[in-house]
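S.K.: show me how the following folds:
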Amino acid sequence: MKAIYLAHPYRASTPEGIEANRERVKEIARDIMNQGHMPIVPHFAWGWLTDDPTDWNDALYLGLKLLERCDEVWVYGHLSEGVSDEIDYAYGKGIPVVHKDVDSLISSFRVRRSM
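M.R.: Have a look, this model is predicted:
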């Protein structure tokens, strides 16, 4: 059983957008579990820290420490600032990064191409 770190945007411009992201992450986590892996979901481990923007760095730091213990990072959705940081960190630690949908792949291509 692999430990799969689920990278997906959390923040949104509205409370409804945040809730939609959380619901999507629940669906993805269940799918990862149904594939026989253990989903590692920072949204639910540290989501309580993200209500206050000053806590965002703490949540990201804790998420990255959790990421270090994972076998792979699976990326979904567009590349938010946090997701981009998670991807860069995983690459730096030699942890495989897998883009699991078209949005993440296109966003990654655009970001990497502009560098």
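S.K.: give the buried residues for the helix or strand harbouring Y91.
M.R.: Using DSSP states H and E, the secondary-structure element containing Y91 is helix 81-93. In terms of neighbour count (16 or more other CB atoms under 10 Å), helix 81-93 has its buried residues at 82-87, 89-90. In short, each C-beta sits where N, CA and C put it, glycine included.
S.K.: any idea which of those residues is closest to D31?
M.R.: Ranking the buried residues of helix 81-93 by separation from D31, with CB to CB as the measure, puts V83 on top at 17.9 Å.
S.K.: quick check: closest non-adjacent residue to that closest one.
M.R.: Counting by CB to CB, 6 or more residues apart in numbering, V83 lies nearest to A7, which is 4.8 Å off, once chain neighbours are set aside.
S.K.: picking that back up, could you dump the buried residues of helix 81-93 into a markdown table with distance to V97 added?
M.R.: A markdown table is the format used below for those (distance: CB to CB, whole Å):
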| residue | distance to V97 |
| --- | --- |
| G82 | 14 |
| V83 | 10 |
| S84 | 11 |
| D85 | 12 |
| E86 | 9 |
| I87 | 5 |
| Y89 | 10 |
| A90 | 5 |
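S.K.: those residues: which two are farthest apart?
M.R.: Maximum pairwise distance in the buried residues of helix 81-93, criterion CB to CB, is 12.7 Å, between G82 and A90.
S.K.: if we can go back for a sec, now for the residue nearest to V83: which residues touch it?
M.R.: With contacts taken as CB atoms under 8 Å, 6 or more residues apart in numbering, A7 has the following neighbours: 73-76, 83, 86-87.
S.K.: and for I4?
M.R.: Applying CB under 8 Å, 6+ apart, the residues near I4 are 32, 37-40, 70-74.
S.K.: apply 10 Å and report the result again.
M.R.: Applying CB atoms under 10 Å, 6 or more residues apart in numbering to I4 gives the contacts 28-29, 32-33, 35, 37-41, 70-74, 98, 100.
S.K.: from the contacts of A7, which is closest to G63?
M.R.: Nearest member of these to G63, counting by CB to CB, is E86, at 6.8 Å.
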